[in-house]
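Q: Here's my sequence, what's the structure:
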Amino acid sequence: MANQESHHSGQDGQQATGRRALLGAAVLGAGGAVLGLSGTARAASDGQRGHGGGLGSLPVPTIVAHRGASGYRPEHTFGAYELALDMGADIVEAGDLVVTRDGHLVCRHEPEIGGTTDVADHPEFADRKRTKTLDGVPVTGWFTEDFTLAELKTLRAVERIPANRPNNTLYDGRWEIPTFEEVLRWQDEQSRRRGKQVWIYPELKHPTYFRGQGLPLEERVAKLLRKYRKDRFNSPVILQSFEPTSIQRLNKLVDTPLVVLLSGPTSRPYDFVENGDPRTVADLVKPAGLREIASYAQGIGPTLDLVIPRDATGRLTRPTTLVADAHKVGLRLHPWTVRNENPFLPADFRKGTDADAYGDVFAAYRTYFATGIDGVFTDHPDTGLLAREDFVNG
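A: Below is the predicted model of the structure:
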């Protein structure tokens, strides 16, 4: 692997140039505000693009199915992924990637799987339950790195938030845990079956934690992408992580588009904590921080509150300058996560007295799209697509 990394590093300048050229074409659409286009005009213009490959082929605003159509099926299952495609999602976030004891990448929201599988119902695994420190926080449960892939394949996925989505529990136990390699093969199969290119948006989860376990993520991801010839700048794959140094490492291993995820402004990426970097997300979203990210990534995935903050009552305030600042340095923005249910919406858009009823999510989409974001993650891709249609034609 060291020889491969060295060989790859020697091509970095050429690869970066290729990435910038691709991005430059994309940003003509993504940064439409710079050209004086309204958000609606920009979306309509970009929505017509569908050729040329790479990021530039995606409609804007892009609708990303968050962990699949997870508003309707247990997340990170082929049931959720395929429903997202049936609904028309532009990209499926197929894979929050974690590792098994024997080194296989699998798709789970977190290394701890007590809340997303039926592992607690398996007496043979009762002794695997333990408390670990995950990114500085004690977590109790069952962890993927304590299981072989064969053992994990005996488990079945369950709904992660049954209190909010009791209807999804109907599908508990129906699907097994996918591996990343299965996802890559599924992507090709679905592209052939549907007659159009299927995109995926995997996230590397807790890279510092797994590297400390002797199970580094980046090299495993890169190896599989190379195997399936999806390591190129125009490959239908976007890689993301909350740890900037993980994205920097990936930038030396593959040429696929890369995105840095950003949480709340006062938070610090855990790799920064481990490396003694004092910066917070608030520093990263300043122009200097965004310029640095743009040197090794093609986009950012900020929480929606970094685009439009909420006040103490949960209502939206004024948009920040993040969209314009990111576009100025050539970065796309795919914020997260719009969900239909009241508790996940800003207070402005909640409706009725039922805590988990659907709110006025179309108004929420309209408000966020108007800021000029390039896409959005959503648990309900069908709703997101209708909202985009309203926005583009409005």
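
Q: burial measure for residue 337, as a count.
A: 18 (other C-beta atoms under 10 Å). Glycine gets a C-beta too; all of them are placed from N, C-alpha and C.

Q: quick one: contacts for it?
A: Counting by C-beta atoms under 8 Å, 6 or more residues apart in numbering, residue 337 makes contact with 66, 304, 344, 376-379.

Q: try residue 267
A: 280-281.

Q: Span of stretch 190-203 from start to end?
A: Across stretch 190-203, the terminal residues are separated by 20 Å (C-alpha to C-alpha, to the nearest Å).

Q: what comes up buried for it?
A: Neighbour-count burial for stretch 190-203 flags 190, 198-203 (criterion: 16 or more other C-beta atoms under 10 Å).

Q: Same check on stretch 80-87?
A: Neighbour counts over stretch 80-87 (16+ other C-beta under 10 Å) mark 80-85, 87 as buried.

Q: cool, and stretch 209-216?
A: Buried-residue list, stretch 209-216, by 16+ other C-beta under 10 Å: 209-211, 213, 215-216.

Q: one step back: can you lay out the contacts of residue 337 as TSV showing pLDDT, secondary structure and distance to residue 143?
A: Formatted as TSV, the contacts of residue 337 follow (pLDDT from 0 to 100; DSSP: H, G, I helix; E, B strand; the rest coil; distance: C-beta to C-beta, whole Å):
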residue	pLDDT	secondary structure	distance to residue 143
66	98	coil	23
304	98	helix	30
344	97	helix	27
376	98	strand	31
377	98	strand	25
378	98	strand	29
379	98	coil	25
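
Q: out of the buried residues of stretch 190-203, which are inside strands?
A: Among those, the members falling in strands (DSSP state E) are 199-200, 203.

Q: which one among those residues gets closest to residue 111?
A: Checking these against residue 111 with C-beta to C-beta, the nearest one is residue 203 at 12.8 Å.

Q: Bridged to the closest one, which residues?
A: Judged by DSSP bridges, the bridge partners of residue 203 are residue 96, residue 240.

Q: Give me the phi and psi angles of residue 299.
A: Main-chain torsions, residue 299, degrees, to the nearest 10: phi -160, psi 170.

Q: so how far is residue 59 from it?
A: 15 Å (C-beta to C-beta, to the nearest Å).

Q: pLDDT weak spots in this protein?
A: Applying pLDDT under 70 to the chain flags the ranges 1-52.

Q: again, only this time at 90
A: Applying pLDDT under 90 to the chain picks out residues 1-54, 353-355, 394.

Q: what ranges do the strands span in it?
A: Under DSSP E, the chain gives strands at 62-65, 91-92, 96-99, 105-107, 130-134, 137-141, 199-200, 203-204, 239-241, 258-262, 299-302, 332-333, 375-378.

Q: right, so of the ones you listed, which gets closest to residue 174?
A: strand 105-107 (15.4 Å).

Q: thinking again about what came up before, would you reformat the buried residues of stretch 80-87 as CSV and include distance to residue 101?
A: Listed next are the buried residues of stretch 80-87 as CSV, based on distance: C-beta to C-beta, whole Å:
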residue, distance to residue 101
80, 25
81, 25
82, 29
83, 31
84, 30
85, 32
87, 35
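
Q: Please name the residues that touch residue 265.
A: With C-beta under 8 Å, 6+ apart, residue 265 has these contacts: 280-282, 285, 306.

Q: if you set the cut-off to 10 Å instead, what comes out?
A: When contacts are counted by C-beta atoms under 10 Å, 6 or more residues apart in numbering, residue 265 touches 280-285, 302-303, 305-306, 309, 320.

Q: Ok, residue 250 next?
A: Here residue 250 is in contact with 204, 207, 217-219, 221-222, 225, 231, 239-241, 256, 258, 296-297 (criterion: C-beta under 10 Å, 6+ apart).

Q: if I look at residue 151, how far off is residue 158?
A: 17 Å.

Q: Same check on residue 177?
A: To residue 158, residue 177 is 11 Å away according to C-beta to C-beta.

Q: again with residue 311
A: Distance from residue 311 to residue 158, by C-beta to C-beta: 36 Å.

Q: Mind checking which of the two has more residues around it?
A: The neighbour count for residue 311 versus residue 158, taken as other C-beta under 10 Å, is higher for residue 158 (25 against 10).

Q: With adjacent residues omitted, what lies nearest to the more buried one?
A: residue 172 (4.2 Å; C-beta to C-beta, 6 or more residues apart in numbering).

Q: still on that earlier bit, quick one, which of residue 299 and residue 59 is more surrounded?
A: Between residue 299 and residue 59, counted using other C-beta under 10 Å, the more crowded position is residue 299 (26 against 19).

Q: could you dump the strands of the chain to JSON lines with distance to residue 393?
A: Listed next are the strands of the chain as JSON lines, based on distance: least, C-beta to C-beta, whole Å:
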{"stretch": "strand 62-65", "distance to residue 393": "15"}
{"stretch": "strand 91-92", "distance to residue 393": "22"}
{"stretch": "strand 96-99", "distance to residue 393": "34"}
{"stretch": "strand 105-107", "distance to residue 393": "35"}
{"stretch": "strand 130-134", "distance to residue 393": "45"}
{"stretch": "strand 137-141", "distance to residue 393": "45"}
{"stretch": "strand 199-200", "distance to residue 393": "24"}
{"stretch": "strand 203-204", "distance to residue 393": "32"}
{"stretch": "strand 239-241", "distance to residue 393": "30"}
{"stretch": "strand 258-262", "distance to residue 393": "28"}
{"stretch": "strand 299-302", "distance to residue 393": "26"}
{"stretch": "strand 332-333", "distance to residue 393": "22"}
{"stretch": "strand 375-378", "distance to residue 393": "18"}
